[in-house]
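Undergrad: got a predicted structure here, sequence first:
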Amino acid sequence: MRERTVDTGPRVHTPVLGLGSEMTGMNDQHVIVVGAGAAGLVSAAELRRRGLPALVIERADAIGASWRERYDRLRLNSSRPFSKLPGQRFARGTGIFPARYDVVRYLERYAQDNSLEV
């Protein structure tokens, strides 16, 4: 089994073992995704979809920690349709440029709806 690196963000590199054509016996594969931000959650959801359960580890005590630490009036600078994660829209009523608390709730819901282990 060889090791590959999946880039889940600008500062995080997650070793993922066994991805690729050499993959056999998927049940004995263990995957850890570092970081419970958007990129880490999407990576874990895609791995799960492909039959590889992933454990997401986060140094903070909550999903989307970097969003929680920002100032209250922060908004995404990209619009809602261009900021959604695969397979999930923002909640009805979310503004065109989601606020910080909307993004936090969205990430929490994404993890829950995709049954991610964080």
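TA: Here it is on my side, so go on.
Undergrad: now tell me which helix or strand of the protein has the poorest mean pLDDT.
TA: When the helices and strands of the chain are scored by mean pLDDT, DSSP states H and E, strand 13-17 comes last with a mean of 49.
Undergrad: contacting residues for the residue nearest to the spatial centre of the chain?
TA: Central residue of the chain (CA atoms, centre = their mean): residue 41, 1.3 Å from the mean position. By CB atoms under 8 Å, 6 or more residues apart in numbering, the contact set of residue 41 is 56, 63, 85, 107, 110-111, 114, 116, 118. (C-beta placed from N, C-alpha, C; glycine too.)
Undergrad: name the SS class of it, please.
TA: Following DSSP: H, G, I helix; E, B strand; the rest coil, residue 41 is assigned to helix.
Undergrad: shaky segments in this structure?
TA: Residues of the chain meeting the criterion pLDDT under 70: 1-27.
Undergrad: where exactly do the strands run in this structure?
TA: Taking DSSP state E to define them, one finds strands in the chain at 3-7, 13-17, 31-34, 54-57.
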